[in-house]
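Enquirer: The sequence and its predicted three-dimensional model are supplied below.
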Amino acid sequence: GYCENDIVIITAYIDEQISQYGSICKIPATNTGRVREKMRDNCLMKSKGVPDRNQFNRYRGIMEQLTMTPEVYLQANQTFMGGFTHANANHAGKTLHNVSSVDFTSSYPSVMLSEKFPMSRFKPIEINTAAELEKACSQYAVMMDITFHNIVASIPQECYLSASKCRDGKKVTENNGRVALAEEITISITEIDFDIIRKCYRWDSMEVSNAMYAHKNYLPKPIIET
């Protein structure tokens, strides 16, 4: 009976989807496909399956403005940091009891609604001093290569920089794959990374190169509304 009901439920759902989409060939392959389709329809203001030409042209203009050159894409790819999942060195190898955790509900959509994103083409910017770096990071979305000299984690357990992302390292001491201290390292980062690094590390000096900036703004209204 269990196996039979499995099949009955699936076939009933397929029939329901065929009624909704008109053909089995038009059923989205994944739930992500449904979200993408709804987002696309809302951005292009589809009416009875036909895009609104003015809305289409406006949205296409935004996308063309935000399309990266191959060089900018490669730099953006280099700055990708990934999630910060890391063991606390003070507790490595131990069995801990009565552990609790806190998670953010719907973190991705909340950030998409509340934060600003790069909303213009990235352009080169010259940054020669710490003050210029502070100003750029406070005003723009920034991608850059940065070299730190005599950098050390302020709190040993909070080592943010991934050693695998660093280049040209000298006398690097790692904490489970993260940089605890180094005589010199170079890494590609964003202004968001730099803000975190300031809270986690201290260093003697730094140099910035290959800096690019873009104006930040909220995502297009159709995306936020969807």
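Expert: Perfect, thanks for sending it. The structure displayed is predicted, hence computed values, not measured ones. Numbers count the residues shown, from 1 in each chain.
Enquirer: quick one: the helix or strand encompassing I7 to chain centroid distance?
Expert: Using DSSP states H and E, I7 sits within helix 2-21. Relative to its chain's centre, helix 2-21 lies at 37 Å (CA atoms, centre = their mean, to the nearest Å).
Enquirer: ok, residues contacting that helix?
Expert: I24, I27, P28 (CB atoms under 8 Å, 6 or more residues apart in numbering). C-betas here are computed from N, CA, C, even on glycine.
Enquirer: and those residues, which are buried?
Expert: I27 (16 or more other CB atoms under 10 Å).
Enquirer: so how far is the helix or strand hosting N54 from its chain's centroid?
Expert: Here N54 sits within helix 53-66, counting by DSSP H and E. Its chain's C-alpha centre and that of helix 53-66 lie 23 Å apart, by CA atoms, centre = their mean.
Enquirer: then it to CSV, C-alphas only?
Expert: C-alpha atoms of helix 53-66 as CSV (Å, rounded to 0.1, in the frame of the first residue of the first chain):
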residue,chain,number,x,y,z
ARG,A,53,8.3,46.1,-24.6
ASN,A,54,9.2,49.2,-22.5
GLN,A,55,9.8,47.2,-19.4
PHE,A,56,11.8,44.7,-21.4
ASN,A,57,14.0,47.4,-22.8
ARG,A,58,14.6,49.1,-19.4
TYR,A,59,15.5,45.8,-17.8
ARG,A,60,17.7,44.8,-20.7
GLY,A,61,19.5,48.1,-20.4
ILE,A,62,20.2,47.4,-16.7
MET,A,63,21.6,43.9,-17.5
GLU,A,64,23.8,45.2,-20.3
GLN,A,65,25.2,47.8,-18.0
LEU,A,66,26.0,45.2,-15.4
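Enquirer: show me where this protein has strands.
Expert: 117-118, 123-124, 140-153, 167-170, 173-175, 178-190, 201-202, 205-217 (DSSP state E).
Enquirer: would TSV of those with mean neighbour count, mean pLDDT and distance to P109 be doable?
Expert: Output for those, formatted as TSV (neighbours: other CB atoms under 10 Å; pLDDT from 0 to 100; distance: least, CB to CB, whole Å):
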stretch	mean neighbour count	mean pLDDT	distance to P109
strand 117-118	16	94	14
strand 123-124	10	94	30
strand 140-153	20	96	20
strand 167-170	12	90	34
strand 173-175	17	88	33
strand 178-190	20	94	21
strand 201-202	16	94	31
strand 205-217	16	95	18
